[in-house]
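Asker: could you work out the structure for the sequence below:
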Amino acid sequence: MDLELRHLRIVRAVADAGSVSKAASLLGLAQPALTSQLKRIERMLGGALFERDRHGARPTRLGELVLARARVLLPAAKELQEEAVRFAHAPSPGYRIGATNGPILGGLVDRLAAERSVSTYTSWSAHELTTMVELGRLDYVLTGACGDSGTPMGTLLWETISLDPVFVLLAVHHPLAVEKEVELADLAGEHWALTPGDGCFNDCFAMACARAGFTPGTIYEIDVATCLHLARVGRAVVLCQATHRPAPGLVVVPLKNAPLRWRQLLGRHPAALDAAWVRVQAKQTHMEAVRRSRVYYDWLTRNAGFGTTP
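Answerer: Presented below is the predicted three-dimensional model:
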């Protein structure tokens, strides 16, 4: 006969009650039946567990050993059972995704939600989102980095989804709006607008302008809606991702020779669900965004080495 949890419950009950008769009453058993079970347990364990006299039952040294283990094992077994029941009746675990401003969050959520629940959290700060994944509050983060910068450090596992050029967003009445592509130097006299972030993009932009022979004018670091408004009224040129689809009154124009490049990155917690499948969905979502952007799709036919990574 093997030792079972029910045997440990009997030993604990006798010790807690202080006598076999009281333990039998608490367990709803007849005293002779409990006495018989206790004797079988003692034979199985190799010795007496209690000293019994008219004053009750006191654990022997062997009994103390068994009781010490029983008081650890029985609560642990109960906790395991309760946790298993909660897990069995809980909804399927979902995907928790953080994202900075980017082109694929909506499409990725649409794809993943067909399989599991999805929750999202957005922020201008890639550092904030990365920290949340490291702490287990998110499973994945969609963010980006300048094309020449390294992969973010930390405990996350990273995958490059795409390498994209940065284009500009101009008002339809802008003199350069009819061009197929423009030199960055052609925009030397402009004011600029871009969305905020805590990466190196501002520095990369300043260096690209320096290579083109000028220092950029006013740079507005503002939300997307305000960027679009300033571009539409001709107050600023907006730096935008190549997959951007312009609203009425605006056009997307590529920069010649891609002086600014942006990598779309997917970071994940090491324990994140379905990592390979989520990575594939992210890349397919990016490919769909490229196909919807006629300007970028046409540009890719003339410029190798960009777009969704294999």
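Asker: which stretches in the stretch 151-300 of the chain count as helices?
Answerer: 201-211, 224-232, 275-292, 294-300 (DSSP state H, counting those that start in this stretch).
Asker: show me what the third one is packed against.
Answerer: Of the remaining helices and strands, those touching helix 275-292 by 3 or more Cβ pairs under 8 Å, 6 or more residues apart in numbering; DSSP states H and E are helix 105-112, strand 157-171, strand 261-268, helix 294-300, strand 307-308. (Each C-beta comes from the backbone N, C-alpha and C, glycine too.)
Asker: can I get these in a markdown table including mean neighbour count?
Answerer: Listed next are the helices and strands packed on helix 275-292 as a markdown table, based on neighbours: other Cβ atoms under 10 Å:
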| stretch | mean neighbour count |
| --- | --- |
| helix 105-112 | 18 |
| strand 157-171 | 22 |
| strand 261-268 | 23 |
| helix 294-300 | 17 |
| strand 307-308 | 20 |
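Asker: same list (the ones you listed) but as CSV, adding distance to Thr243 and mean pLDDT.
Answerer: Below are the helices and strands packed on helix 275-292 laid out as CSV (distance: least, Cβ to Cβ, whole Å; pLDDT from 0 to 100):
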stretch, distance to Thr243, mean pLDDT
helix 105-112, 10, 95
strand 157-171, 7, 96
strand 261-268, 9, 95
helix 294-300, 6, 95
strand 307-308, 10, 96
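Asker: re the thing from before, relative to Gly102, which of the helices of the stretch 151-300 of the chain is closest?
Answerer: Closest approach to Gly102 among these (Cβ to Cβ): helix 275-292, 9.5 Å.
Asker: helix or strand next in line after the helix or strand of the chain with the lowest mean pLDDT, which one?
Answerer: Here the helix or strand of the chain ranked lowest by mean pLDDT, DSSP states H and E is helix 61-89, holding a mean of 86. Sequence order places strand 95-99 as the next helix or strand after helix 61-89, per DSSP states H and E.
Asker: now what about that following strand, what contacts it?
Answerer: Contacts to strand 95-99, defined as Cβ atoms under 8 Å, 6 or more residues apart in numbering, come from residues 105, 108-109, 112, 116-123, 129, 132-133, 137-143, 273-274, 278.
Asker: who does the least confident helix or strand of the chain touch, helix- and strand-wise?
Answerer: helix 5-17.
Asker: using PDB, write out every CA atom in the helix it packs on.
Answerer: What follows is helix 5-17, C-alpha atoms only, in PDB (Å, rounded to 0.1, in the frame of the first residue of the first chain):
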ATOM      1  CA  LEU A   5      -3.000  12.200   1.200                       C
ATOM      2  CA  ARG A   6      -6.000  10.700   3.000                       C
ATOM      3  CA  HIS A   7      -3.500   8.900   5.300                       C
ATOM      4  CA  LEU A   8      -1.800  12.100   6.200                       C
ATOM      5  CA  ARG A   9      -5.200  13.700   6.900                       C
ATOM      6  CA  ILE A  10      -5.900  10.900   9.400                       C
ATOM      7  CA  VAL A  11      -2.600  11.400  11.200                       C
ATOM      8  CA  ARG A  12      -3.100  15.200  11.300                       C
ATOM      9  CA  ALA A  13      -6.600  14.800  12.600                       C
ATOM     10  CA  VAL A  14      -5.500  12.500  15.500                       C
ATOM     11  CA  ALA A  15      -2.700  14.900  16.400                       C
ATOM     12  CA  ASP A  16      -5.000  18.000  16.300                       C
ATOM     13  CA  ALA A  17      -7.800  16.300  18.300                       C
END
